[in-house]
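Colleague: mind looking at a prediction? Sequence and model below.
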Amino acid sequence: MEYRIGDFALITRFSVKVLRNYHETGLLEPRRIDYITGYRYYDESQIERTRIIGQLKEWDFSLKEIREILDEYEEDRELIPIVLRKREEIRKRMEKLSRIEKDLTKLLKIEEESQKMEKNRDITVKEIGEKKIISITYRGAFSECGQYMGRLFKAARGSASGRVFNLYGQELDMDDPEVTVCLEVKKKVNSSDVENGVLPASRVLSLIHLGPYEMLGDSYRLLVDKREEMGLVQSGPYREIYIKGPGMIFRGNPRKYVTELQVPISPSES
């Protein structure tokens, strides 16, 4: 039985446009063409070829790959090496897509949390649980901490479970500051590049700083004033937690950076 292209499209569920493209690429040529009318005609023996093409496309084979398979192979067993290569290719693509999905989820979570933080900028008292961390301590400019954050994430790989933050001692030398850059992790990280440790549970005064890092001093002043007003004793280093800074894609507007400042506290003994 012979079919005009419109009928063949209806039978095979391929559009006329697709069938014309397959003709042009040599993947599925009509059985004959009426050179007076230009009509393409197919026969029933080509229906099976369209079924195979459809299945291979479903498995993500390219048109070039499909043409090679149809021209050179006749049995499933002959395709085993090709199928193995395709499976490995798809596995690697899935791993890449999984990494991309995690990055996009992280980006959305950062934006969601930063919006919540922007709405709550009062000084509050919070209970912070114990945290496993990895850290690197250095002396130098505050602006250098970014390179150490990168080293922490590289060492942690999939073990990172929280935000990156800095710790500063109460007697901080602003001319030559000692900075401990930290990352919360799920488990101990085996790397000679970082220190493993535990940040003990504590009660903290917390303030959300909205704006550039150069203005952090104003927010620290509010925290220190509150600590003194409440008659509290600082019981650990300042914590500077980076909620939203330079973005994963764009550097962003420093006026919209979100940083949480924490001061560990305990009641005064006096």
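Modeller: Looks like it arrived, so ask away. Here the structure is a predicted model, which means the values were calculated and not measured. Numbers count the residues shown, from 1 in each chain.

Colleague: strand partners of the host helix or strand of residue 179, parallel vs antiparallel please.
Modeller: Counting by DSSP states H and E, the element that carries residue 179 is strand 178-185. Partners of strand 178-185 in the sheet, by DSSP bridges, are strand 131-139 (antiparallel), strand 160-168 (antiparallel).

Colleague: weakest of those by average pLDDT?
Modeller: Mean pLDDT is lowest for strand 160-168 out of these, coming in at a mean of 92.

Colleague: and for it, what are the contacting residues?
Modeller: Outside strand 160-168, the residues within contact range by C-beta atoms under 8 Å, 6 or more residues apart in numbering are 131-132, 135, 142, 145, 149, 152-153, 177-186, 237-243. For glycine as for every other residue, the C-beta is placed from the backbone atoms N, C-alpha and C.

Colleague: just the buried ones from those residues?
Modeller: 131-132, 135, 145, 149, 152, 177, 179-185, 237-243 (16 or more other C-beta atoms under 10 Å).

Colleague: helices or strands up against the helix or strand hosting residue 221?
Modeller: Element membership for residue 221 (DSSP H and E) is helix 216-229. On a contact count with 3 or more C-beta pairs under 8 Å, 6 or more residues apart in numbering; DSSP states H and E, helix 216-229 meets strand 202-210, strand 258-267.

Colleague: the last one versus strand 160-168: what angle between them?
Modeller: Here the directions of strand 258-267 and strand 160-168 differ by 70 degrees (axes from the mean of the first three to the mean of the last three C-alpha atoms, to 10 degrees).

Colleague: can you list the strands that strand 258-267 pairs with?
Modeller: Strand 258-267 is paired, per DSSP bridges, with strand 202-210 (antiparallel), strand 232-234 (antiparallel), strand 238-244 (antiparallel).

Colleague: how many neighbouring residues does residue 172 have?
Modeller: 13 (other C-beta atoms under 10 Å).

Colleague: can you check residue 206 too?
Modeller: Other residues close to residue 206 by other C-beta under 10 Å number 19.

Colleague: A helix includes residue 56, no?
Modeller: Yes: the assignment for residue 56 is a helix, going by DSSP: H, G, I helix; E, B strand; the rest coil.

Colleague: ok, it - contacts?
Modeller: So residue 56 contacts 65, 66, 69 (C-beta under 8 Å, 6+ apart).

Colleague: most neighbours among these, which one is it?
Modeller: Result: residue 66 is most packed of the contacts of residue 56 (other C-beta under 10 Å), 22 neighbours.

Colleague: that one contacts residue 58, correct?
Modeller: No: with contact defined as C-beta atoms under 8 Å, residue 66 does not reach residue 58; the gap is 10.9 Å.

Colleague: that concludes my questions; thank you for your assistance.
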